[in-house]
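Colleague: sequence below, structure please.
(3 chains, ligands or ions: 3)
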Amino acid sequence: MAGTLVFSEQREGKVKRVALEALTAARTLQSKVGGEVAAVIIGDQVADEAKGLTAAGAEKVYLAEDPFLHYYSSEGYASIIADLAKKLDTRLILMGATMMGKDLGPKLAARLGGPFAGDCVGLEIVDEGMLVAHRPIYGGKIMSTVKSRQSGFQVATIRPNVFPVEKQTSENTIRIERITSPCDLSSLLAQVQEVVATASSKVELTEARIIVSGGRGLKGPENFNLVEDLAEALGAAVGASRAAVDAGWKPHSYQVGLTGKTVSPLLYIACGISGAIQHLAGMSSSKYIVAINKDPNAPIFKIANYGIVGDLFEILPLLTEAVKKVREG
Amino acid sequence: MSDKFDVIIVGAGPAGSAAALTLARAGLSVVVFERGAFPGAKNMFGGVLYTPILNKLIPKFWEEAPIERHIVKRRFSLLSSKSEAAFEFRCEDYNEKPPFNQSFSALRARFDPWFSKKAEEAGAMVIPETVVDDLIVKNGRVCGVKARREGGEVLADVVIAADGVNSFLAKKAGLRKDFSRAVLAVAAKEVISLPREVIEDRFSLEGQEGMAMEFFGDSVAGMVGGGFIYTNQETLSVGIACSIKSFIDKKVAPNDLLDRFKAHPSIKRLIKKGETLEYSGHMIPEGGFERVPQVYTDGLLLVGDAAHLVNASFYHEGTNLAMASGLYAAEAIIEAKEKDDFSAQTLKRYQKKLNNSFVMKDLKKYRAVEKWSHENLKFFEEYPGIALEMLKDYFSISEVPKETIQKEAYRKVRTHISPIQAFLELNKFRKTFF
Amino acid sequence: MKIAVCIKQVPATESKIKPSSDGKEIDRTGLSYVVNPYDEFGVEEALRIKERLESSVTVVTMGTERAEEALRTCLALGADQAIHIKDDLLRGGDAYGVALVLTTALMKEHYDIIFFGKQAVDDDSGAVGIHVAELMGLPHVAVINKLDLKPEEGRALASRQIEGATEMVNIKLPAVFTCQKGLNEPRYASLPGIMKAKQKPLTTLTLADLGVDKDAVGAKGAKLVVDCIKAPRVRSTGNIIDKNPSESVEELVRLLRDEAKVL
Ligand SMILES: Cc1cc2nc3c(=O)[nH]c(=O)nc-3n(C[C@H](O)[C@H](O)[C@H](O)COP(=O)(O)OP(=O)(O)OC[C@H]3O[C@@H](n4cnc5c(N)ncnc54)[C@H](O)[C@@H]3O)c2cc1C
Ligand SMILES: Cc1cc2nc3c(=O)[nH]c(=O)nc-3n(C[C@H](O)[C@H](O)[C@H](O)COP(=O)(O)OP(=O)(O)OC[C@H]3O[C@@H](n4cnc5c(N)ncnc54)[C@H](O)[C@@H]3O)c2cc1C
Ligand SMILES: Nc1ncnc2c1ncn2[C@@H]1O[C@H](COP(=O)(O)O)[C@@H](O)[C@H]1O
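Modeller: Ligands and ions are numbered 1, 2, ... in the order given. Predicted structure coming up:
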């Protein structure tokens, strides 16, 4: 067998986009890895989603359903996947570097005794199926290339929004196989008791295609609506600098940067953010960066693709209007 | 904190660490507070460490101290915008065996932590990242300090203020008034990296040989002060230092002056292709002998820059005086400890030791330099240009007979300065400096 | 409670980092070092538990000579003792190797709680804590921002922020937690704390002391090796528009639509 296994993360019964990105990446590497590209989906009543994975490129889908799997569980999920990976003698296991993937990846690697490369932005296979991964370190100040020394049970998580998604057109017959947990799911030592939705922005930061972030330049919490309006017009998520979070204008879940979230959207708009190195650590891998700042010497302009030197209190309302027009037109 | 120390030292520069080392070796309990993230983190100097005292404190220090190169060559040069006249001295005796000529180029961010570590190994407690904010004074006696931390009051028999040129403790204790602008110099410096071979090639050095260069005249736009370059192993220390007064009079900022210095054709070629690794600024107490305050009071001693102990003449020699004063202060305290008397009366021994040593003797010798500098601005502003112009005329080759050229050159000089005036001024210069 | 906190010394976050000439490692000249910021949350949480329940706090690091400073920093904050694992053979290891070594050291005692940072801000791998939990066979909750201990029930309730929600995990002790910002505000060391730290016990251990197979760790045992490191691709700085507001906005929208094609 010896193929690739993609963990297809779902939340609330919906497969995450990054899982599709991982599937596409797996297909790209398939000729070098050999074997099949299989997906595994775990949850409670997620069979419908399993079908979609075939269209996204999985040649086979393994489905584990159980009421005890409704919530994520490190131990539960890891046992199921490790069991499957051993059966399939999997070479490569891919998943998104989401909160779930970042937890599951290292757990699986340690269980299977394989190498782990986290938060990758580039993947290759060399020699006899050895993984080569490109991953930013030192908060993006350095790009490192790591190479695996064993060809089996290699685990990697990929940074969302970096790899493309390509839909497969071939009309594969849907091959779904049900699997069960090798361990007793009802008596795990750690169990999610409750998941409480946080009243943060509508679109989750780490997955957003577009992010509008505000910093100290906004002067106060009451002005965040300028950022939110623009985000709304763009269908974007809202982020914040640490200065804005520390001032209590937004909760920590909004913070982008070294001690906040690492994001890599298609478009990142920084409003009234100076571009401190710790902020850049969280967003410098965005595809396009736009800076709006009244100080032409602000470091954020050094990494911005586009920038406006100006007062955000004037610029943002105009920009929101202009975006609305484009979207409507 | 209820425990009391024998001695508290504020500042882990060369002065503080020399004192700490000496005291700890004598078995006294010593704590050193340093505001930097580590000793030396933010300290800077031009670059030549003079080591007679260091050698006494740590014999064969060169075998382990993080020093850069031993100085075998000194060069003094006068610049105008386009010309340079220089005097260079090199001596093979300075190259023979350690400690060579007791002068080594060094970087403080590496040297200070090492020196402080020596004090720590001898038993001193060194506490970085801790600013001392105040003195604790009881019945007119200094008996401790307040550090900016929870539980920051610490008591001791004696406090040594080794907190550098701006010594806030000396002011608190009333030993020092704020210095006038004329007696402080401001310096700006860059550490510029270059491959070792390039440095050795450019400066004609071999192995661990090093060179010290001072530049006057147009190097600092005719201000009172000069520029310098010292060779380290794989970097150059490049900077300027001028009196605060001339920065104010000429309305120039130190970093702009440094940029101007670096752009001078004579300097530019020396630092070509180098990459600036760090930039720093600092003050130098250049007031000399006249400005040294009383260095003791009940329960407190001033050492190093805090006591204004810098020989600014040709040397910018501060570290050696700092270490010497630290050593003497420690010796005086050890004696006081034997008598268990830390009054000004006993601690006065420190002042005596200083006076009898090279420290005050050297400062006395150069006592007139500071005054001379500010009264003879022409030596900085005008004369370098005139002298270099004369040399240029003198050496220019043309069809005009040499004798005519030389006469013309002297005539030109005389339009600026009469022979008598020149004689008198040079004589004064000689007396001040030699 | 017996608590262990694994800490790592890392270059200060504001440091300029560049590759060394051989392109395998970073150039360490002139760097200053700190305790990994996320690990500080672990130390603080341990100290807060100690303030409520009778506990002992052990800080553990694997690192070079210099890493002792990081341990002293934690002792100054209030940890009781420190373990420094130091061995030249550990150079060039990967997260798994580090985890293996830490696991061996941690197994020598029984700890009720082991804290890690959610990731070390140098290699950003975010793996060591979870690896250790797995190797020790302990349950874990990663990236926690709240910890509610129920010592009498032998369990804890930990919260972690996930995408758009908070996950509350009920976990049985002994357990491993990796810490995220928000968990607490780390304290500053008091002066008496710093002074006492110098006298607190600090044990140094080598691989031989631990009985770890030297071929399983360090460069030799690494499953993942660094091939090369580089400065990231410099982003070509683009178009900085400095016109009047409405013209600037018009220009920006045009660029986003026609050039970047993101609108
Ligand atoms: C260990 C550590 C971790 C850190 N982690 C993070 C992190 O995760 N995320 C993070 O963001 N920071 C982090 N920081 C903090 C970081 O160093 C900066 O302090 C922070 O990013 C500054 O936020 P800011 O850009 O909003 O504020 P500032 O730096 O104050 O910048 C405000 C900007 O707004 C501009 N401005 C003001 N008024 C206007 C106006 N009317 N119109 C247009 N522009 C205007 C100003 O010109 C300025 O550039 C961390 C720091 C440390 C030490
Ligand atoms: C540009 C320049 C060039 C020089 N060139 C030379 C040269 O070539 N050769 C030479 O010998 N000398 C040179 N000097 C002079 C020399 O640097 C000083 O004379 C010497 O450093 C004095 O040592 P010190 O220990 O008294 O003070 P410093 O080295 O200044 O040390 C004082 C210490 O006290 C700490 N501190 C201050 N306040 C507090 C506080 N409140 N709480 C806690 N800690 C505190 C500081 O952080 C610092 O570490 C130069 C100086 C400059 C600026
Ligand atoms: N060498 C080490 N010594 C002790 N703890 C470590 C070491 N390396 C990593 N850790 C711990 O593991 C966490 C995650 O590190 P990493 O997986 O390297 O991102 C850190 O925050 C530390 O708590």
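Colleague: count the residues that sit near residue 112.
Modeller: Here I'm looking at chain A. 21 (other C-beta atoms under 10 Å in any protein chain shown). The way it works is simple: take the backbone N, C-alpha and C, and place the C-beta from them, glycine included.
Colleague: actually, chain B is the one I wanted.
Modeller: Around B:Asp112 there are 27 residues (other C-beta under 10 Å).
Colleague: what parts of chain C come near ligand 3?
Modeller: C:6-8, C:36, C:38-39, C:60-63, C:95, C:98, C:102, C:116-117, C:119-120, C:123-129 (C-beta under 6 Å from any ligand atom).
Colleague: could I get the lengthiest strand in chain C in CSV with only the CA atoms?
Modeller: Taking DSSP state E as the assignment, the strand of chain C that covers the most residues is strand C:140-150. Coordinates of the C-alpha atoms in strand C:140-150 are reproduced here as CSV (Å, rounded to 0.1, in the frame of the first residue of the first chain):
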residue,chain,number,x,y,z
HIS,C,140,-2.7,16.3,27.6
VAL,C,141,-4.5,19.5,26.7
ALA,C,142,-2.5,21.7,24.3
VAL,C,143,-2.6,25.5,24.0
ILE,C,144,-4.6,26.2,27.2
ASN,C,145,-5.6,29.6,28.2
LYS,C,146,-7.4,28.6,31.4
LEU,C,147,-6.8,25.9,34.0
ASP,C,148,-9.2,25.0,36.7
LEU,C,149,-7.7,22.4,39.0
LYS,C,150,-9.9,20.1,41.0
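Colleague: buried residues in it?
Modeller: Neighbour-count burial for strand C:140-150, counted by 16 or more other C-beta atoms under 10 Å in any protein chain shown, picks out C:His140, C:Val141, C:Ala142, C:Val143, C:Ile144, C:Asn145, C:Lys146, C:Leu147, C:Leu149.
Colleague: returning to what we had before: can you select the buried ones among the residues of chain C next to ligand 3 for me in PyMOL?
Modeller: Only the buried entries of the residues of chain C next to ligand 3 go into this PyMOL selection, using 16+ other C-beta under 10 Å:
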select buried, chain C and resi 6+7+8+36+38+39+60+61+62+63+95+98+102+116+117+119+120+123+124+125+126+127+128+129
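Colleague: tell me the SS of A:Leu29?
Modeller: Here A:Leu29 is recorded as helix under DSSP: H, G, I helix; E, B strand; the rest coil.
Colleague: give me the nearest residue to it, chain neighbours excluded.
Modeller: A:Ile125 (5.2 Å; C-beta to C-beta, 6 or more residues apart in numbering or on different chains).
Colleague: state the next helix or strand along the chain beyond the helix or strand of chain A with the lowest mean pLDDT.
Modeller: The least trusted helix or strand in chain A, going by mean pLDDT, DSSP states H and E, turns out to be helix A:47-55, with a mean of 86. Once helix A:47-55 ends, the next helix or strand along the chain (criterion: DSSP states H and E) is strand A:60-65.
Colleague: mind checking how far the helix or strand just after that following strand is from the chain centre?
Modeller: Next helix or strand after strand A:60-65 toward the C-terminus (DSSP H and E): helix A:74-88. From the chain centre to the centre of helix A:74-88 is a distance of 21 Å (C-alpha atoms, centre = their mean, to the nearest Å).
Colleague: quick one: least confident helix or strand in chain C?
Modeller: None of the helices or strands of chain C scores lower by mean pLDDT, DSSP H and E than strand C:239-241, at a mean of 91.
Colleague: anything in that one near ligand 1?
Modeller: No - contact of strand C:239-241 with ligand 1 (C-beta under 6 Å from any ligand atom) is absent, the minimum separation being 13.4 Å.
Colleague: list the buried ones in that strand?
Modeller: By neighbour count with 16+ other C-beta under 10 Å, strand C:239-241 contains the buried residues C:Ile240, C:Ile241.
Colleague: also stretch A:207-225?
Modeller: For stretch A:207-225, by 16+ other C-beta under 10 Å, it's A:207-218, A:223-224.
Colleague: helix, strand, or coil at the spatially most central residue of chain A?
Modeller: Nearest residue to the geometric centre of chain A (C-alpha atoms, centre = their mean): A:Pro160, 3.1 Å. Reduced to three states with three-state DSSP, the structure at A:Pro160 is coil.
Colleague: the nearest residue to it once chain neighbours are set aside and ligand 1: what is the separation?
Modeller: Of all residues not flanking A:Pro160 in the chain, A:Val18 sits nearest, at 4.2 Å (C-beta to C-beta, 6+ apart). A:Val18 is 21 Å from ligand 1, where distance means C-beta to the nearest ligand atom, to the nearest Å.
Colleague: tell me which residues touch B:Gly152, please.
Modeller: Neighbouring residues of B:Gly152 by C-beta atoms under 8 Å, 6 or more residues apart in numbering or on different chains: B:Thr130, B:Asp133, B:Lys146, C:Ser190, C:Leu191.
Colleague: of those residues, closest to A:Tyr288?
Modeller: Nearest to A:Tyr288 among these is B:Thr130, at 45.7 Å by C-beta to C-beta.
Colleague: I'd say that closest one and B:Ala147 touch.
Modeller: Yes - in this structure, B:Thr130 is within contact of B:Ala147 by C-beta atoms under 8 Å, at 5.0 Å.
Colleague: joint contacts of those two?
Modeller: In contact with both B:Thr130 and B:Ala147: B:Phe33, C:Leu191, using C-beta under 8 Å, 6+ apart.
Colleague: any idea how far the least confident helix or strand of chain C is from the chain center?
Modeller: With C-alpha atoms, centre = their mean, you get 39 Å for strand C:239-241.
Colleague: got it, and stretch C:146-156?
Modeller: Between the centre of stretch C:146-156 and the centre of its chain there are 23 Å (C-alpha atoms, centre = their mean).
Colleague: quick one: check stretch C:134-145 for contact with ligand 1.
Modeller: No - if you take C-beta under 6 Å from any ligand atom as the test, stretch C:134-145 misses ligand 1, and the best it gets is 14.0 Å.
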